[in-house]
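**Q** The following comprises the amino acid sequence and a computationally predicted model.
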Amino acid sequence: MALIGYCGDDCEKCPRYNATLNNDREALKPAAALWYKVGLRDQVAGPEEMICHGCAELDTCHYHDYL
């Protein structure tokens, strides 16, 4: 069964979630560039802001402030 985050992504297929699990900060950069390109950010976010441990166990998505 898929683990769907508050963001709507399937965590197992999410590049941010997988990069975080693999401790691969470099892999977070394309996601940051995409957020900027689609207008979710006014500048490219740093890797620290793109880290995602998943939010399905939380009451709300902790990325809400970034969106």
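**A** It's in.

**Q** quick one, longest helix in the protein?
**A** Using DSSP state H, we find that the single longest helix of the chain is helix 29-37.

**Q** who touches that one?
**A** 15-16, 19, 41-47, 49-50, 66 (CB atoms under 8 Å, 6 or more residues apart in numbering). Any C-beta I mention is one placed from the backbone N, CA and C, and that applies to glycine too.

**Q** So for the protein, which residue is the most central one in space?
**A** Arg16 (4.3 Å; CA atoms, centre = their mean).

**Q** how about the helices in this protein?
**A** Counting by DSSP H, the helices of the chain are 15-21, 29-37, 47-50.

**Q** Make TSV from those helices and add mean pLDDT and distance to Leu3 to it.
**A** Below are the helices of the chain laid out as TSV (pLDDT from 0 to 100; distance: least, CB to CB, whole Å):
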stretch	mean pLDDT	distance to Leu3
helix 15-21	91	9
helix 29-37	92	18
helix 47-50	90	18
